[in-house]
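>>> Would you be able to build a 3D model of this:
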Amino acid sequence: MMTQAIAALRFDPAVPLWVLAALGVLCLLALAPALWRRARGVTWRLLAFAVLLFWLAGPRLVEETRQGLADIGLLVLDDTASMHIGDRARLRDQARAAIEAQAAKLPNLQLRTVTVPESGHEGTRLFTAIDRALADIPRSRLAGIVAITDGEVHDVPATAPPAPLQVLIPAKGEEVDRRLRVVEAPEYGLVGHSVTLKVVVEDLGTAHPADAARLTIRRDGDPPEVDSVPVGHVQSIEVPITRAGPTVLDLSAAALPGEISTLNNRAVVQINGVRDRLRVLLVSGEPNMGERTWRRLLKSDPAVDLVHFTILRPPEKDDMTPLNELALIAFPVRELFQEKIKEFDLIILDRFQNRGILPPTYLANIAEYVREGGALLMTVGPEFSGPGSLAATPLGSVLPAMPAGGENGAVDGPFRPRITPLGTRHPVTADLPGWKPDGPPGWGPWYRYIETAGDHGEDLMDAPDGSPLLLLEHVGQGRVAMLLSDQIWLWSRGHQGGGPQAELLRRIAHWLMKEPDLEEEALTAHFDGGKLMIERRTMAAGPPPAVIVTDPSGQKRRVALTASGPGRAEAAIGASAPGVWQISDGTRTAYAAAAAADPPEMADLRATATRLAALAHVSGGSVHWLDPRGAPELRMVDAGPEAGAGWIGLRRNHDHVVTGIASFPLLPAWLALPLMLGLAVGAWRRESA
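Predicted coordinates:
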């Protein structure tokens, strides 16, 4: 810091200024007659009065010792997501090194560097970072601001900063960009219906946008659909919701020639499929204790439309009562099992037996309904082994077990249902409340089960002797479940502690209707806190296999899974790239949608001067485009232009602090009084001569 001494003349009046002015007027009045007559000695009197007034004004010579203060320049570095596109980050770092090196060679300049970080959904907060930095910089020392940014700033103020703003943009010039913007996207859709997705393709930075662009739509793992959409116009896309759970749509627009990046040419939309109201058909073959359990369970769910029939009067029971006196509703066989059978999501046959009520054609319709994607749940009792067993009808072709035969096929006696080793892995029975792998289950007993033969389904629960109690099976595109006991109602009554009757039946019904959370062979993925969470469920034993993860750019990596329970394995990996991530185990494929971390930042990827040029020029600064040749020259300027071709300027403020003051009176009293007396005597002698 340079030190210098500055001398100056200052006055410290001995009397108030108005008194001094009044004395001056009196002196002029006293001299006026002599001046009018041009009397001798008037000059001596004038000098005497002047010395008097000058002495009363208190003239002093003041010498200040000053120490100069360095000017402060602010270097602002944009480090948001858009600055990592192309060579922007490299050009920024090169410019930073060059400016810092030049600033180090300039005397009396202190350069401070601040970084603009990611601000989430607020975009690039460049001037917020500048305001925080300026809070510690005196305005009298601020030389200027140099901002290295791509120009995509989302907090541009209405007024210019208090110093020249020099903007350096890491690009060769204005760029063009094409973006795909989702205008409207529903979060939920009803299964079996379609939702409308609205998108628009926009070309930015070009005076002549294209007329149309190619739009590719990928739905989960389905083959892509390609369509041509007009640029700049909102396009509606119909998306059918075919299943419950998330449906991931990956939309991408073809690249615009010359655009800097295709990152915002892609949009990811996740729509959760939900069922409206489930239509369930419950047919009870005869009144039984479990009938009320079924009805209470299904009626308690507001999302279920239940159609329930109980066969109270089979055909062989004819007591000659006239039909017009019967208070029973006729069983609409044709309507239910031929005309409207496909409208039901689930058919439950509760202790139903073949008594001729359903002709073989209608039973065959139920079997075909299952094969085409329907769901059938049967709870059986002794009637399953009798002459009216449904196993002996066309429906038997889709059942996972046949009756074992014998007198009635039923085994009576108390027992506690057990979950099989396979059942501990299946989501229907895994972690069922009350189950204890190392001891007897904590639920009450049942007292009857039906012996079967030729079982070929998944045995999830069995009796102590190994006889199956719960069989599940995939049949064609549909599913079948058999509960080989009519005693589950004991759990709902709390008999000897009861059991998880409602939870078990709920899981069975949801598995039959293909709820994703209850699939026994499943690979799922979702994002949580910036991490990709992967879960695999399988019925196969052995260590979990690794999966292949493909990021939105097409890069693949192998990820090992860690067992988290019977039939379950998990993994969590960092995943920051927006887009659709694909996870595959070689057989199944899952998709997870990662939205852009900062939509305002990614909405426009151009390097542009349009947002900052006006503000820079008003402040006295300029805009420069960086290229591989390096940053412009850095200069300190006193006045005049603060930027030019190939150079940028920082203002020299000449700010200082006073380190010392010395004061000397120019007319001390010991000199003023003799001088005034001498001049008065000289005036007297001149006048008397």
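>>> what are the ranges of the helices in the chain?
Applying DSSP state H to the chain gives helices spanning 17-37, 42-56, 88-105, 126-134, 289-299, 333-334, 360-371, 489-492, 501-512, 599-603, 613-618, 669-688.
>>> Go through the ones you listed and name the closest to residue 222.
Across the helices of the chain, residue 222 has its closest neighbour in helix 360-371 (23.2 Å, CB to CB). (C-beta placed from N, C-alpha, C; glycine too.)
>>> in the closest one, what counts as buried?
Residues 362, 363, 364, 365, 366, 367, 368, 369, 370 are the ones in helix 360-371 that count as buried (16 or more other CB atoms under 10 Å).
>>> who touches it?
Residues from elsewhere that reach helix 360-371, judged by CB atoms under 8 Å, 6 or more residues apart in numbering: 333-334, 337-338, 341-342, 347, 354, 374, 376, 390, 393-395, 397-398, 475-480.
>>> For it, give the mean pLDDT please.
Averaging pLDDT along helix 360-371 yields 90.
>>> relative orientation of that helix and helix 501-512 in degrees?
Put simply, helix 360-371 runs at 80 degrees to helix 501-512, going by axes from the mean of the first three to the mean of the last three CA atoms, to 10 degrees.
>>> Quick one: residues contacting the closest residue to residue 575 other than its chain neighbours.
Leaving aside its chain neighbours, residue 575 sits nearest to residue 532 (3.9 Å; criterion: CB to CB, 6 or more residues apart in numbering). Residue 532 makes contact with 525, 526, 549, 572, 573, 574, 575, 581, 583, 592, 594 under the criterion CB under 8 Å, 6+ apart.
>>> was I right about the fourth one contacting residue 534?
Just to be clear, that refers to residue 572. Yes: if you go by CB atoms under 8 Å, residue 572 and residue 534 touch, sitting 7.3 Å apart.
>>> who has more neighbours, the two?
Neighbours per residue (other CB atoms under 10 Å) separate residue 572 from residue 534, with residue 534 holding more: 23 against 14.
>>> okay, residue 138: pLDDT?
90.
>>> Tell me how many other residues crowd it.
Neighbours of residue 138 (other CB under 10 Å): 11.
>>> which residues does it contact?
Counting by CB under 8 Å, 6+ apart, residue 138 has contacts 72, 655.
>>> what separates it from residue 163, distance-wise?
12 Å (CB to CB, to the nearest Å).
>>> try residue 107
For residue 107, the distance to residue 163 - CB to CB - is 19 Å.
>>> between those two, which one's more packed in?
Comparing residue 107 with residue 163 by other CB under 10 Å, the one with more neighbours is residue 163, at 25 against 10.
>>> Now do the more buried one against residue 399, distance only.
In this structure, residue 163 and residue 399 are 85 Å apart, going by CB to CB.
>>> for residue 304, same thing?
Distance of residue 304 to residue 399, computed by CB to CB: 24 Å.
>>> So if I had to pick from those two, which one is more boxed in?
When residue 304 and residue 399 are compared for neighbours, residue 399 comes out ahead with 27 against 17, by other CB under 10 Å.
>>> quick one: contacts for the more buried one?
Residue 399 is in contact with 378, 390, 391, 480, 482, counting by CB under 8 Å, 6+ apart.
>>> Cross those against strands and list the overlap.
378, 480, 482 (DSSP state E).
>>> With pLDDT and neighbour count as extra columns, can I get those residues in TSV?
Converted to TSV, those look like this (pLDDT from 0 to 100; neighbours: other CB atoms under 10 Å):
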residue	pLDDT	neighbour count
378	91	22
480	95	24
482	94	25
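>>> Mind picking the one among those residues that's closest to residue 181?
Taking CB to CB as the measure, residue 181 sits nearest to residue 480 out of the ones in strands among the contacts of residue 399, at 46.9 Å.
>>> Please name the bridge partners of that closest one.
residue 376, residue 473 (DSSP bridges).
>>> Leaving out sequence neighbours, find the closest residue to residue 277.
Nearest residue to residue 277, sequence neighbours excluded (CB to CB, 6+ apart): residue 305, at 4.9 Å.
>>> cool, residue 609 as well?
Distances taken as CB to CB, 6+ apart place residue 623 nearest to residue 609, at 4.7 Å, with adjacent residues excluded.
>>> right, and that neighbour touches residue 167 too?
Yes: assessed by CB under 8 Å, residue 623 is found in contact with residue 167 at 4.6 Å.
>>> Looking only at neighbour counts, state which of the two leads.
Per other CB under 10 Å, whichever of residue 623 and residue 167 has more neighbours is residue 167, with 27 against 21.
>>> Surely that one and residue 149 touch.
Yes: between residue 167 and residue 149 there is a contact at 6.9 Å, judged by CB under 8 Å.
>>> any common contacting residues for those two?
In contact with both residue 167 and residue 149: residue 612, using CB under 8 Å, 6+ apart.
>>> residue contacts, residue 440?
residue 416.
>>> what's the answer for residue 219, then?
225, 239, 247, 248, 249, 250.
>>> PyMOL command for the buried members of the residues you listed?
Buried residues among the contacts of residue 219 (16+ other CB under 10 Å), as a PyMOL selection:
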select buried, resi 239+247+248+249+250
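>>> Including pLDDT, could the contacts of residue 219 go into CSV?
Converted to CSV, the contacts of residue 219 look like this (pLDDT from 0 to 100):
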residue, pLDDT
225, 87
239, 89
247, 84
248, 82
249, 85
250, 83
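>>> okay, the contacts of residue 219 in a markdown table with distance to residue 154 next?
Shown next, in a markdown table, are the contacts of residue 219 (distance: CB to CB, whole Å):
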| residue | distance to residue 154 |
| --- | --- |
| 225 | 34 |
| 239 | 31 |
| 247 | 32 |
| 248 | 29 |
| 249 | 28 |
| 250 | 27 |
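>>> Return the subset of the contacts of residue 219 lying in strands.
Using DSSP E, the contacts of residue 219 in strands are 225, 239, 247, 248, 249, 250.
>>> For the closest residue to the fourth one other than its chain neighbours, give its distance to residue 666.
Right, residue 248. Among residues not flanking residue 248 along the chain, residue 591 sits closest, at 4.4 Å (CB to CB, 6+ apart). According to CB to CB, residue 591 and residue 666 sit 91 Å apart.
>>> Out of the two, name the residue with the larger neighbour count.
For residue 591 versus residue 666, the count of surrounding residues by other CB under 10 Å is larger for residue 591: 23 against 16.
>>> hmm, back to that, closest to residue 89 among the buried residues of helix 360-371?
The closest of those to residue 89 turns out to be residue 370 (CB to CB; 59.4 Å).
>>> Excluding chain neighbours, give the residue nearest to that closest one in space.
Distance criterion CB to CB, 6+ apart; nearest residue to residue 370, sequence neighbours excluded, is residue 478 at 4.0 Å.
>>> Enumerate every residue touching the one you found.
Counting by CB under 8 Å, 6+ apart, residue 478 makes contact with 369, 370, 371, 372, 373, 374, 375, 376, 398.
>>> was I right about the last one contacting residue 479?
Going back to what we said before, that points to residue 398. No: using CB under 8 Å, residue 398 is not in contact with residue 479, being 9.7 Å away.
>>> The closest residue in space to residue 336 that isn't next to it in sequence: neighbouring residues, count only.
Spatially, and ignoring its direct neighbours in sequence, residue 336 is nearest to residue 281 (6.5 Å; CB to CB, 6+ apart). Applying other CB under 10 Å, we find 21 other residues in the vicinity of residue 281.
>>> list the contacts for residue 633?
Neighbour list for residue 633: 102, 646, 647, 648 [criterion: CB under 8 Å, 6+ apart].
>>> wait, I meant residue 419
Going by CB under 8 Å, 6+ apart, residue 419 touches 429, 432, 435, 441, 460, 461.
>>> Adding distance to residue 517 and pLDDT as columns, could you present those in JSON lines?
Formatted as JSON lines, these follow (distance: CB to CB, whole Å; pLDDT from 0 to 100):
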{"residue": "429", "distance to residue 517": "14", "pLDDT": "91"}
{"residue": "432", "distance to residue 517": "15", "pLDDT": "89"}
{"residue": "435", "distance to residue 517": "19", "pLDDT": "86"}
{"residue": "441", "distance to residue 517": "23", "pLDDT": "85"}
{"residue": "460", "distance to residue 517": "16", "pLDDT": "92"}
{"residue": "461", "distance to residue 517": "20", "pLDDT": "93"}
